[in-house]
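Trainee: Sequence plus predicted model, see below.
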Amino acid sequence: MRGHRGLVSTSTLLIACANPRMAPVVLLRLAEFFYGHRLGLLAKLCSMLNVLVFGLEVSPQVEIGGGLFLPHTVGTVIGAARIGDNCTILQGVTLGTSEPDMGFTVSERPVIGNDVLIGAGAKVIGRITVGDHAKIGANAVVLRDVPAHAVAVGVPATIVARPAPEKQVGE
């Protein structure tokens, strides 16, 4: 609750949880919790509720760091091996395997670093690593690793901006 100071009432907290940007994250966290406690049916129920209500498909097996922000969820499919802290994923994004995978083979799925922004409609397919603080442009199709602090755009995605090399002390 950015910008809020003071005590938070129960009604304020319930209203925040019903927010369409917060509720899908609450559901995916519940699915993750149930999956971790070997309650697969409840995990699947939470996942299906996310699909039906918010159009967001997330496997409960995905390891997701704190601070996930999903401003718009419709058409988003998250089947990554891992998503780091403080990531923003816009609508219509697909994170998944390059081959049909009826199970959940972690070795075939993308790994997303911390503080990554993934633009609307982007596709990250296969065992791709997206480095910390990277940005993926809208509708990009990422088929190769994206280094930390880089910007990738296009079909197939190419790196258009790389971080400047850090200067050594005394230069």
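Mentor: Yes, it's here.

Trainee: how about V151, what does it touch?
Mentor: A134, K135, G137, I159, V160, A161 (CB atoms under 8 Å, 6 or more residues apart in numbering). Where you see a C-beta, it was placed from the backbone N, CA and C, and this is true even at glycine.

Trainee: In a markdown table: the residues you listed, plus secondary structure, distance to F54 and pLDDT.
Mentor: Rendered in a markdown table, the data for those read as follows (DSSP: H, G, I helix; E, B strand; the rest coil; distance: CB to CB, whole Å; pLDDT from 0 to 100):
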| residue | secondary structure | distance to F54 | pLDDT |
| --- | --- | --- | --- |
| A134 | coil | 25 | 95 |
| K135 | strand | 24 | 96 |
| G137 | coil | 24 | 95 |
| I159 | strand | 32 | 92 |
| V160 | strand | 32 | 90 |
| A161 | strand | 32 | 78 |
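
Trainee: Identify the farthest-apart pair in the residues you listed.
Mentor: By the measure CB to CB, A134 and V160 form the most distant pair in the contacts of V151, at 11.7 Å.

Trainee: Settle it for me: which of the two has more neighbours?
Mentor: A134 (26 against 12; other CB atoms under 10 Å).

Trainee: Test my guess that the more buried one contacts V111.
Mentor: No. The criterion here is CB atoms under 8 Å, and A134 misses it with V111 at 11.6 Å.

Trainee: I'd like to know how many residues surround the spatially closest residue to G126 that is not a sequence neighbour.
Mentor: Excluding the flanking residues, the one nearest G126 by CB to CB, 6 or more residues apart in numbering is S98, at 4.1 Å. Neighbours of S98 under the rule other CB under 10 Å: 13.

Trainee: how much space between S98 and G131?
Mentor: Noted for S98: a distance of 20 Å to G131, by CB to CB, to the nearest Å.

Trainee: Same check on G121?
Mentor: Taking CB to CB, one finds G121 at 21 Å from G131.

Trainee: This protein: helices as residue ranges?
Mentor: Using DSSP state H, the helices of the chain run over 10-17, 23-36, 40-54.

Trainee: Which member of the contacts of V151 is positioned nearest T12?
Mentor: K135 (33.0 Å).

Trainee: That closest one contacts G113, correct?
Mentor: No. Counting by CB under 8 Å, K135 does not reach G113; the two are 11.3 Å apart.

Trainee: Many thanks, we can stop here.
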